[in-house]
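Enquirer: Return a 3D structure for these sequence lines:
(one chain, ligands or ions: 2)
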Amino acid sequence: MLYLYTPYQREAWLDALRAALPDVTVAAWPDPVKVDAVRYLAAWRPPEHFFAQFPALKAVFTLGAGVDRFVERNDLASHVAIVRLTDAGMVAQMAEYVLYGVLRFQRDFDLYAAQQHGHHWLQHAPRSAAQTRVTVLGLGEIGGVVATRLATLGYVVSGWSRGRRALEGVACHEGLTALEALLEQTDILVNLLPSTPRTRSLLDGPRLSRLPAGAAIIHAGRGDQLDLDALVLLLDADRLRGAVLDVFPEEPLPPDHPLWRHPKVLMTPHVAATTLIVPAAQQIADKLAALHAGGQVAGLVDREQYY
Ligand code: NDP
Ligand code: OXD
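Expert: Residues are numbered from 1 along each chain as shown. Ligands and ions are numbered 1, 2, ... in the order given. A predicted model of the protein is given here:
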């Protein structure tokens, strides 16, 4: 049996999972269930202690790509597999989101929007893609595609990951020392990292200060990776040009936070790439079948690495 916990769109998830798993009994919280019959869970943000009630649990399928809210829970025994969504329609959305952000700064749409506001007519010298250095942090399922697509469009793309990666058209780097040097050669920084103990607070004041004057940030990984106070200081000092922010330490951001009104910031409510229910349900069904058959499962989380 597969039991579903989701705070969002419960009925749509139930329908999609039942359609994708015709031979599996699917039920959803808060409907009563025989807890010892539940082998699999499909879940997003369940309350504390939720997982502990299922003694025969084999795997949890997450309803998103990021697993930061799963790996550190103490109600998930270490033998229970955590399997995350891989792509399921998110890669295309993220590639669009990042491209929008890159074009905003490369083609000066941020400046022109501000000028329009002030009834100000001023043309800026164009900057080509080939003159724009974009660095993508995180070269996984999502970041890898984002980086190669930007390279195809002619941007000068560098990428950064934990281990060595090779991606066509992308100068790939790894390790913290490489990051410091990379930041100094970045016009637009794109963050697509998972939240782990090593990436939390990664983009702090000193690292942000390494970006060249006039650099911009597109931030769609996780909210705990970017120091917002340092960002505001650098924007206000005109050291940084602007930011496109999709994820925040607290979501929604408190109403009195200065970023809501910041003229150099475009904020979106964690929508850079949202889970598409039907392809995601099909993916969960395929992963469940592979797991059941003892095969390789894409998206199996390495709990030691936190992603
Ligand atoms: P993956 O696990 O496929 O990729 C993660 C990438 O981050 C890998 O390249 C990995 O390196 C790299 N990485 C991890 N830790 C480090 C580190 N310490 N130093 C350097 N690089 C590191 O994840 P996805 O691409 O599927 O997703 C990435 C993240 O995007 C998610 O975890 C989530 O936080 C965020 N996300 C945001 C969405 C939104 O709407 N804003 C939607 C979906 C996801 P290596 O290649 O060496 O393993
Ligand atoms: C995800 C997200 O991790 O929506 O899937 O951020």
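
Enquirer: burial measure for the nearest residue in space to His124 that is not next to it in sequence, as a count.
Expert: Excluding the flanking residues, the one nearest His124 by C-beta to C-beta, 6 or more residues apart in numbering is Asp108, at 4.9 Å. In this view, the C-beta of every residue, glycine as well, is placed from N, C-alpha and C. Close neighbours of Asp108, defined as other C-beta atoms under 10 Å, add up to 19.

Enquirer: Tell me the confidence at Asp108?
Expert: In this prediction, Asp108 carries a pLDDT score of 98.

Enquirer: what separates it from His119, distance-wise?
Expert: 17 Å (C-beta to C-beta, to the nearest Å).

Enquirer: Could you do Arg84 as well?
Expert: Counting by C-beta to C-beta, the gap between Arg84 and His119 amounts to 48 Å.

Enquirer: more neighbours, the two?
Expert: Arg84 (23 against 6).

Enquirer: could you list every residue that touches the more buried one?
Expert: By C-beta atoms under 8 Å, 6 or more residues apart in numbering, the contact set of Arg84 is Phe61, Thr62, Gly64, Ala65, Gly66, Val67, Gly299, Val301.

Enquirer: next one: Ala92
Expert: Counting by C-beta under 8 Å, 6+ apart, Ala92 has no contacts.

Enquirer: Likewise for the one 5 residues further on?
Expert: Listed by C-beta under 8 Å, 6+ apart, the contact partners of Tyr97 are Ile218, Ala220, Asp246, Thr268, Ala272, Ala273.

Enquirer: same deal with Leu4?
Expert: Contacts for Leu4 (C-beta under 8 Å, 6+ apart) come out as Arg10, Trp13, Leu14, Leu17, Val26, Ala27, Ala28, Trp29, Leu41, Ala42, Ala43.

Enquirer: Repeat that for Ala81.
Expert: Lys58, Ala59, Val60, Leu291, Val297, Leu300, Val301.

Enquirer: Equivalent analysis for Leu17, please.
Expert: Leu2, Leu4, Val26, Ala42, Ala281, Ile284, Ala285.

Enquirer: ok so, going back, now which of the contacts of Tyr97 would you call buried?
Expert: Buried by 16 or more other C-beta atoms under 10 Å: Ile218, Ala220, Asp246, Ala272, Ala273, out of the contacts of Tyr97.

Enquirer: what's the closest of the residues you listed to Tyr306?
Expert: Ala220 (18.4 Å; C-beta to C-beta).

Enquirer: Could you check how far the closest one is from ligand 2?
Expert: Between Ala220 and ligand 2 the computed distance is 8 Å (C-beta to the nearest ligand atom, to the nearest Å).

Enquirer: Report the separation between the closest residue to Val247 other than its chain neighbours and Leu21.
Expert: Nearest residue to Val247, sequence neighbours excluded (C-beta to C-beta, 6+ apart): Gly223, at 4.4 Å. Per C-beta to C-beta, Gly223 is found 33 Å from Leu21.

Enquirer: cool, Pro263 as well?
Expert: 49 Å.

Enquirer: Identify the residue of the protein closest to ligand 1, quick one.
Expert: Gly140 (1.7 Å; C-beta to the nearest ligand atom).
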